[in-house]
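Participant: Predicted model, plus sequence, below.
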Amino acid sequence: MQILINAQKISITDKFKDKITKKFEQSLEKLLTNYQPDLKVASLSIEKSGSVFQIKFDMNLPACPINIKDEHKILLDGLLRVRDTAKRQIKKHLEKLRSH
């Protein structure tokens, strides 16, 4: 899985980017085993606005676009919340596919 991280109005170290990528990959990769690698690409945008981090996650799976926006005062907590929301949406989509 490939996560493209775009940071605006904030600098993120490579070590933190690797940590973010690892957290998303560990959770989402397990759900996306039946998808080809070129479809497992996600965009993660992080912007600091005052004391709040605005986080946007976009991933286009076939017949299931995932678009999540969230705000949080603590960056890592916000990222984990976005990851969990994406995980729930992917699971819901896979359940729909299985029922057909």
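Facilitator: The structure has been received and is ready for your questions.

Participant: how about the helices in this protein?
Facilitator: 14-28, 75-99 (DSSP state H).

Participant: Give the buried residues for the last one.
Facilitator: By neighbour count, and taking 16 or more other CB atoms under 10 Å as the criterion, the buried residues in helix 75-99 are 75, 78-83, 86-87, 89-90, 93. The C-beta positions use only the backbone N, C-alpha and C, and glycine is treated the same way.

Participant: Can you add distance to Lys30 and pLDDT and give these back as CSV?
Facilitator: Listed next are the buried residues of helix 75-99 as CSV, based on distance: CB to CB, whole Å; pLDDT from 0 to 100:
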residue, distance to Lys30, pLDDT
Leu75, 24, 95
Gly78, 22, 97
Leu79, 18, 96
Leu80, 16, 95
Arg81, 19, 97
Val82, 17, 97
Arg83, 12, 96
Ala86, 13, 96
Lys87, 9, 95
Gln89, 15, 95
Ile90, 10, 93
His93, 14, 90
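
Participant: Just put these in TSV and tack on distance to Glu29.
Facilitator: Below are the buried residues of helix 75-99 laid out as TSV (distance: CB to CB, whole Å):
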residue	distance to Glu29
Leu75	22
Gly78	21
Leu79	16
Leu80	16
Arg81	19
Val82	16
Arg83	12
Ala86	12
Lys87	11
Gln89	15
Ile90	11
His93	15
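
Participant: Now do the same contact list for Ile3.
Facilitator: Listed by CB atoms under 8 Å, 6 or more residues apart in numbering, the contact partners of Ile3 are 20-21, 24-25, 42-44.

Participant: Adding neighbour count, distance to Lys56 and pLDDT, write those residues out as CSV.
Facilitator: Below are these laid out as CSV (neighbours: other CB atoms under 10 Å; distance: CB to CB, whole Å; pLDDT from 0 to 100):
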residue, neighbour count, distance to Lys56, pLDDT
Ile20, 20, 13, 94
Thr21, 17, 16, 94
Phe24, 23, 13, 93
Glu25, 17, 18, 91
Ala42, 20, 11, 95
Ser43, 15, 8, 97
Leu44, 23, 7, 97
